[in-house]
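coords below, sequence missing:
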C-alpha cells in the first residue's frame, strides 16, 4: 500500500477490524519510511449489475431506487427504516447470487413481491398495486383473494 505523504510502498499494519457490518476490513497502517499513519479499507470487488428495463434499455443497478419504492409501500406499517434497509440488502444479495451481470427489472420486481409477501401483507398489496399497475378494484380484490387463499393453505398445513 502506497503512503499518501511520501509514496513509499512499505508499510506495516497496526490494527485490523471489521467495518461496514462485516462487508469490509479497516486497517490502520504506518509507513516504514516516514512513520505517517493512515487508514485503508479492503472490500470484496463485485461485478456491476445492469438492469434491463422493459423498453430494452440498460442502467446500473441502483439500491436507492429499491429503498425509495419499498419505503413508500411500507409507510404507516410496522416496518422501520432499519428493517427496510435490511430487507433491501437481502434483495440485493439475492440479485448478486442469482445473476451474472444482467437482470431484468421484472425479475427484480417479482423478487421484491415474493419477499414482501412473507414480511408484510399491506406493503405487499401497496407495492403490487404500483408494480403491476392495478387499474381498479378488481385487481385489488383478486390480489387480496390470492393472499387469503395462501393464508388458508398455510393454516390448513399447520392444523
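Okay, I see it. Since the model is a prediction, treat every value here as computed from it, not as a measurement.

So what touches stretch 49-60?
For stretch 49-60, the surrounding residues in contact (C-beta atoms under 8 Å, 6 or more residues apart in numbering) are 48, 61-62, 95-96, 99, 101-106, 108. Where you see a C-beta, it was placed from the backbone N, CA and C, and this is true even at glycine.

looking at the residues you listed, which has the most residues close by?
residue 108 (23 neighbours; other C-beta atoms under 10 Å).

wouldn't that one be in contact with residue 98 here?
No - counting by C-beta atoms under 8 Å, residue 108 stays clear of residue 98, with 10.2 Å between them.

Tell me the secondary structure at residue 42.
Three-state call for residue 42 (DSSP: H, G, I helix; E, B strand; the rest coil): strand.

Residue 119 contacts residue 87, correct?
Yes - counting by C-beta under 8 Å, residue 87 is a contact partner of residue 119 at 6.7 Å.

between the two, which one's more packed in?
Neighbours per residue, other C-beta under 10 Å: of residue 119 and residue 87, the larger number sits with residue 87, 21 against 17.

For the more buried one, which residues are in contact?
Residue 87 makes contact with 70, 79, 115, 116, 119, according to C-beta under 8 Å, 6+ apart.

Just send the residues you listed back as CSV, with distance to residue 38 and pLDDT too.
What follows is these, written out as CSV (distance: C-beta to C-beta, whole Å; pLDDT from 0 to 100):
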residue, distance to residue 38, pLDDT
70, 38, 86
79, 40, 79
115, 41, 83
116, 43, 82
119, 42, 78
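
got those residues as CSV, with secondary structure and distance to residue 11 columns?
Compiled in CSV, the contacts of residue 87 are given as follows (DSSP: H, G, I helix; E, B strand; the rest coil; distance: C-beta to C-beta, whole Å):
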residue, secondary structure, distance to residue 11
70, helix, 42
79, coil, 44
115, helix, 43
116, helix, 47
119, helix, 46
